[in-house]
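Engineer: Need the 3D shape of this:
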Amino acid sequence: MNSLKFCLIAIIMLVGTTSLFSQGFQAPAEGKAAVYFVRVSSWGGASSFEYFHQDKYIGVFKSKNYLRYECEPGEQLLWASSENKEFVTADLKAGESYIIIVDVIMGAWKPRVGFNPITAQDGEIFDRAAALIKKKKAIVTSEAKIKTMNIKLEKFIGEKLKMYHDVWKTEKNFKHISSDMAIPKEAM
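Structural biologist: Okay, here's the model as predicted:
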């Protein structure tokens, strides 16, 4: 009887762990929205970009991969850092998922980062992003690294957000994700 209980518990834990780290589109948790940062190109693969949600570091990845991030619905500011800083404003709806294509752009010292929010109607680029998401597991930055980086980058984050609010948001043409840009469930 104990062996049967042990096997049952092991199976439940395995299934739970597998779904936590599985690839493919996953519905966001109740009351949340999901954003997929996707690099569909291998160009500049060795270069990593760091990702932020408002004043918080949320992760890092390089190469042809993606990062899945859940956050509160409503008005959000998402950004990435490399030689430049790239921002996107978002009006996210609870229960919905959104895709931002992460572009690698030639820079003076290292690649620059670009954001291109897309919808399911964006043809080939959407197909490439969806195929990558379905094929690979999301890159997950450990909670320990996220905590360490938020402490380490606190001053940097504050300085960049000040520049965004004081200068960049009026001088640069950053893109916006509207709530109607959600990926339909049937396209996932």
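Engineer: Please point out which parts of stretch 177-187 sit buried.
Structural biologist: Using 16 or more other CB atoms under 10 Å as the burial criterion, the residues of stretch 177-187 that qualify are Ile177, Met181, Ala182, Ile183. Yep, even glycine has a C-beta here, placed from its N, CA and C like the rest.
Engineer: cool, stretch 68-82 as well?
Structural biologist: In terms of neighbour count (16+ other CB under 10 Å), stretch 68-82 has its buried residues at Arg68, Tyr69, Cys71, Pro73, Gln76, Leu77, Leu78, Trp79, Ala80, Ser81, Ser82.
Engineer: Could I get the contacting residues of the residue nearest in space to the middle of the chain?
Structural biologist: For the chain, Phe37 is the residue whose C-alpha lies nearest the centre (CA atoms, centre = their mean; 3.5 Å). Shown in contact with Phe37 (CB atoms under 8 Å, 6 or more residues apart in numbering): Tyr51, Phe61, Tyr66, Leu67, Tyr69, Ala80, Ile100, Val102.
Engineer: 10 Å - rerun?
Structural biologist: In this structure, Phe37 makes contact with 49, 51, 58-59, 61, 65-69, 78, 80, 88, 98-102, 113, 115, 138-139, judged by CB atoms under 10 Å, 6 or more residues apart in numbering.
Engineer: cool, and Ala108?
Structural biologist: For Ala108, the residues meeting the contact criterion (CB under 10 Å, 6+ apart) are Glu83, Asn84.
Engineer: what about it, which SS state?
Structural biologist: Counting by DSSP: H, G, I helix; E, B strand; the rest coil, the backbone at Ala108 sits in coil.
Engineer: Next, give phi and psi for it.
Structural biologist: Listed backbone geometry of Ala108 is phi -70, psi -50, with angles given as degrees, to the nearest 10.
Engineer: Alright, that wraps it up for me.
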